[in-house]
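> Take this sequence and fold it.
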Amino acid sequence: MSAKFPIASAGSPLPAPHLLIAFAACAAEDWLPAMKALAPQGLPCLSRLLQGMTRVHSDDADSHTLSPPHERALARALGWNTGSARDGLLPWAALDAAQHLQAAPGSAWAWITPCHWAMGREHATLTDPAALALSESESRALLAAMQPYFATEGITLHYAEALGPGRWLASGEVFRHQPSASLDRVLGRNVDPWLPKPVGDTGSAARKIKLLQNEMQMLLYTHPLNEARAAQGRVAINSFWLSGTGALPAGTSQMPSTTVQRSLAPAVFSDDWAAYARAWTALDASDISALMSHQRAGHRVTLTLCGERNAHTFETRQDGWLARTVGRFTSPPLLNLLESL
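Residues are numbered from 1 along each chain as shown. Next up is the predicted model:
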């Protein structure tokens, strides 16, 4: 994904470009050695960019929140409340439904992602749904087979072409107050800690979702689509993941001028730290370099760096040599900054 920053016409103000980088740091043991070998010499644009910026916001949490830092940061850019009461209730599906299905304001939605749970001796691990390479015909066939079961719980599944075959939208009151874990939290991990939990008045909703997951595992075990996939040497679809639950806050606007950069994520999920370093190098030479060009042209720009626990947002607060001079004295060493995420 390349950054596409807005360009002002003559006499019009330039919207402040905002680059949000997901997985700028992570908790894996091999992350730090990979970054020590890379930073700061391998990330010259990021180092120079930060010299002209001031930290304006820090979102400090832990790695157990249902909503990861990059989702919380984007939600703040939209003006949503991202306090602890909203953890797991950032309504991304409702935003998609409003944009692609013209959904009624205030309705409750969720994302349903067909996926494969790798069954181990003690737990199931969620593998990357993208690796399933679902076709549109496969996706629609699965949706049709699963819809009657969801309907018994007051849920309607929707195929939205804009989202592609790997993710569906689902509408139903059961999603209004039920927190859910982002796929970015659970990919490659034991699903158990991330499954919907009964909390207060949402206990019934969590039990319905667990029942549906059990029913889908039984339904899909012998489904003809999976038999065909097995004959082709392809992995079976044996469950689904629920995420993006909730209803849009009143007055939600369109997406802000924020570029969300996820090019580091695939290497994190595959535990490939050589690829991670290469992705950082490419990102430094592309999106970060473009943001630095805007900063050097005298425009205010915003950068948000997100890890698995925290997110820090930086802005150009002053122009010219003063910003660069102040930045040299106030910016922490790059590696220390990334470690704090």
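> only C-alpha atoms for contact and neighbour calcs from this point on.
Noted.
> what sits against the closest residue to Ala133 other than its chain neighbours?
Closest residue in space to Ala133, ignoring its immediate chain neighbours: Gly166 at 7.7 Å, by C-alpha to C-alpha, 6 or more residues apart in numbering. Going by C-alpha atoms under 8 Å, 6 or more residues apart in numbering, Gly166 touches Thr113, Pro114, Pro129, Ala130, Ala133, Leu134, Ser139.
> In helices, which of those residues appear?
Ser139 (DSSP state H).
> Could you give me the ChimeraX syntax to select whichever of the contacts of Gly166 are buried?
Buried residues among the contacts of Gly166 (16 or more other C-alpha atoms under 10 Å), as a ChimeraX selection:
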select :113,114,129,134,139
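> what would the contacts of Gly166 look like in JSON lines with pLDDT and distance to Thr65?
Output for the contacts of Gly166, formatted as JSON lines (pLDDT from 0 to 100; distance: C-alpha to C-alpha, whole Å):
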{"residue": "Thr113", "pLDDT": "98", "distance to Thr65": "20"}
{"residue": "Pro114", "pLDDT": "97", "distance to Thr65": "23"}
{"residue": "Pro129", "pLDDT": "94", "distance to Thr65": "21"}
{"residue": "Ala130", "pLDDT": "92", "distance to Thr65": "23"}
{"residue": "Ala133", "pLDDT": "95", "distance to Thr65": "29"}
{"residue": "Leu134", "pLDDT": "96", "distance to Thr65": "29"}
{"residue": "Ser139", "pLDDT": "97", "distance to Thr65": "30"}
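> which of the contacts of Gly166 lies closest to Val186?
For the contacts of Gly166, the minimum distance to Val186 (C-alpha to C-alpha) is 11.4 Å, reached by Pro129.
> so the closest one touches Ala118, yeah?
No. With contacts defined as C-alpha atoms under 8 Å, Pro129 does not count as touching Ala118, sitting 11.6 Å away.
> which SS state does the residue nearest to Ala133 fall under?
Using DSSP: H, G, I helix; E, B strand; the rest coil, the structure places Gly166 in coil.
> Now do the SS call for Pro249.
Counting by three-state DSSP, the backbone at Pro249 sits in coil.
> make that His299, sorry
Once three-state DSSP is applied, His299 turns out coil.
> Near it, how many other residues are there?
21 (other C-alpha atoms under 10 Å).
> That one and Thr258, how far apart?
15 Å (C-alpha to C-alpha, to the nearest Å).
> again, but for Pro40
Using C-alpha to C-alpha, one gets 25 Å for the distance from Pro40 to Thr258.
> roughly how far apart are the residue lying closest to Ala108 once chain neighbours are set aside and Leu49?
Distances taken as C-alpha to C-alpha, 6+ apart place Ala247 nearest to Ala108, at 4.5 Å, with adjacent residues excluded. Per C-alpha to C-alpha, Ala247 is found 37 Å from Leu49.
> How about Ala231?
Taking C-alpha to C-alpha, one finds Ala231 at 52 Å from Leu49.
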